[in-house]
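>>> generate a structure from the sequence data that follows.
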Amino acid sequence: MAAVTTPLLDDREGTGESLDPVVMRINGKDVLRSEFEYNYNKNNTEGVIDKKTVDEYVDLFINYKLKVEAALDARFDTLASYQKEFREYRDQQIRPLLVTPAAEEQEVRDYYDKMLEQLDGKELLMPAHIFVRVMQQSTPEQQAAAKARIDSIYACLQEGEDFAALAAKSSEDPGTAQRGGVIGWIGPKQLLKEVEDACYALQKDEVAAPLLSTVGWHILKLVDKKPLEPYDTLAPRIRQFLEQRGMKDRIANAVVDSLSKQGGKTLEQVMDEEAARLCAEDEELKYLVQEYHDGLLFYEICQRQVWEPASKDTLALEQYFKQNKKAYAFDKPHYAGALLQAISPDVLKQVQKTLKGKPEDQWAGIVKTQINKDSVQVRFDRRVFVQGENALVDSLAFGVKEGKTRINAKYPAVGLIGRKLKKGPQLWTDVSAQVVADYQAVKEKEFVEELRRRYSFEVFQDALNTVNKH
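Numbering: from 1, shown residues only. Prediction:
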């Protein structure tokens, strides 16, 4: 039962004026102005097509909350599937808030310190190489051929040919060849030891004689070298690198694990407590989490008690269609059936003969198991075609001669099986999606009316009048 009464004031400061008045009470539960504003403003932003006034939104909000109450009474919030999905979403919002700037800064600093430690006083190098592979099981002849090839390349370099051009043309390392042989910035322990030692022995722009490693021959050139940049210079790049590799998740995991061990609680209990704490501190977060909590319950109750039952009640759908057939009249001719594109006229006739007299919803299965069981003999497209949608259907069903029919050379035999609909659908299945949606809307309206009889609700108009005006 609904009532419009004087608002209940929450006089928190003894002034007689509420900081956050109750705008309505649903099934004995107060709805504060802040909660109503959060939902109203989120659903009525600029650009929303069907934007509502506050008064227009009231009934929609009440209906929404009544469905949530029905879901709670049905104990849908105790379902394991519901709790799992709700916690996953909630934790996506909560976990990043457990990561402090100081903890992120320490991660970045630690990574930089490890880079310094790994360099061990050495500089960063940018080497390039021209590579000729030598397989471990290669024959003496193959080894000699590889040696002759690398010597030939080195001779070209000594005669003044460009290193990058030779690398692009001759190197057997495709990843670096396309970059003129450049490997990129490296530090200690990032290359084969013999290659690394040779690189660190080079001066900038110096080219070394061919070197044999465990994988083949290298001609090495030192393109550039530099000391590691200061922390403040590298920190933004390190932070971005670590964030791309889940830094915040690692920190959040560590925080939750620590709280769990300290308090002797499960990880789930820790997240419940942290969510409650953070929501108490942040009103926007509180209503965001509640929105998902209520939204899941809303979906669950509507799916179970309205949408799914309505979509499966074929007798009721058929009856609803018959009673409202005029609402589904066509403004253009339609064709309900299947477009067939076969590899030959004989196959086309076979398909049409096989499907004739069979229920239309079984056609696809018949084609798959009887016609296309070994190979695709016919392409099958069943639906309701509107004139102007498909050139082949327009030509075959409606005698339209203009335009191309786009016959596929592999499937040259084309035909139809089905029914021409001039004024409107003959069966509810001809417009099943629209009929189901309309019937679901009817059943949802009935459900809301039943909920409005089952639960009490009242609106405090004076408090409602202050929405977005305080």
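>>> all the strands of the chain, residue numbers only.
For the chain, the strands defined by DSSP state E occupy 4-5, 22-26, 29-32, 124-133, 211-212, 216-226, 334-342, 378-386, 413-421, 457-460.
>>> these: which one's closest to residue 111?
For residue 111, the closest of those is strand 124-133, at 15.2 Å, according to C-beta to C-beta. In short, each C-beta sits where N, CA and C put it, glycine included.
>>> residue ranges of the helices in the stretch 201-350 of the chain, please?
Counting by DSSP state H, counting those that start in this stretch, one finds helices in the stretch 201-350 of the chain at the ranges 231-244, 247-263, 267-281, 283-302, 308-312, 314-323, 345-355.
>>> which residues touch the fifth one?
By C-beta atoms under 8 Å, 6 or more residues apart in numbering, the residues outside helix 308-312 that reach it are 316, 317, 436, 439, 440, 443.
>>> what residues of it count as buried?
Within helix 308-312, the residues scored as buried using 16 or more other C-beta atoms under 10 Å are 310, 311.
>>> now the fourth one
Of the residues in helix 283-302, those scored as buried under the neighbour-count criterion (16+ other C-beta under 10 Å) are 285-290, 292-294, 296-302.
>>> my guess is residue 33 contacts residue 19. True?
No. Judged on C-beta atoms under 8 Å, residue 33 makes no contact with residue 19 at a distance of 9.3 Å.
>>> more neighbours: which of these two?
Residue environment comparison for residue 33 versus residue 19 gives the larger neighbour count to residue 33, 24 against 14, counting by other C-beta atoms under 10 Å.
>>> what residues are up against that one?
For residue 33, the contacting residues are 20, 21, 22, 23, 463, 464, 466, 467, 470, taking C-beta under 8 Å, 6+ apart as the criterion.
>>> for those residues, which ChimeraX command selects only the ones that are buried?
Once 16+ other C-beta under 10 Å is used to decide burial, the buried members of those can be selected in ChimeraX as follows:
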select :21,22,23,463,464,467
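>>> which of the contacts of residue 33 sit farthest apart?
Every pair in the contacts of residue 33 was compared (C-beta to C-beta); the two farthest apart turn out to be 22 and 470, at 14.0 Å.
>>> ok, back up a step: how about the strands of the chain in CSV, adding mean pLDDT and distance to residue 352?
Conversion of the strands of the chain to CSV gives the following (pLDDT from 0 to 100; distance: least, C-beta to C-beta, whole Å):
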stretch, mean pLDDT, distance to residue 352
strand 4-5, 43, 66
strand 22-26, 97, 59
strand 29-32, 97, 62
strand 124-133, 96, 61
strand 211-212, 96, 73
strand 216-226, 96, 65
strand 334-342, 94, 7
strand 378-386, 94, 10
strand 413-421, 93, 5
strand 457-460, 97, 59
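>>> show me the chain divided up by domain.
What the record gives for the chain is the domain set 124-226, 331-423, from automatic domain parsing.
>>> tell me the contacts of the most centrally placed residue in the chain?
Nearest to the centroid of the C-alpha atoms of the chain, with distances taken as C-alpha atoms, centre = their mean, sits residue 89, at 13.6 Å. Residue 89 sits next to residue 292 when contact means C-beta under 8 Å, 6+ apart.
>>> one more time with 10 Å, if that's ok
By C-beta atoms under 10 Å, 6 or more residues apart in numbering, residue 89 lies in contact with 288, 289, 291, 292, 293, 295, 296.
>>> cool, and residue 406?
Going by C-beta under 10 Å, 6+ apart, residue 406 touches 341, 390, 391, 392, 395, 414.
>>> for those, give me JSON lines that also has distance to residue 244.
Below are the contacts of residue 406 laid out as JSON lines (distance: C-beta to C-beta, whole Å):
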{"residue": "341", "distance to residue 244": "48"}
{"residue": "390", "distance to residue 244": "46"}
{"residue": "391", "distance to residue 244": "48"}
{"residue": "392", "distance to residue 244": "49"}
{"residue": "395", "distance to residue 244": "54"}
{"residue": "414", "distance to residue 244": "52"}
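>>> buried subset of these?
For those, buried by 16+ other C-beta under 10 Å: 341, 390, 392, 395, 414.
>>> tell me the pLDDT at the fourth one?
The confidence metric pLDDT takes the value 90 at residue 395.
>>> likewise for the second one?
In the prediction, the pLDDT value recorded for residue 390 is 90.
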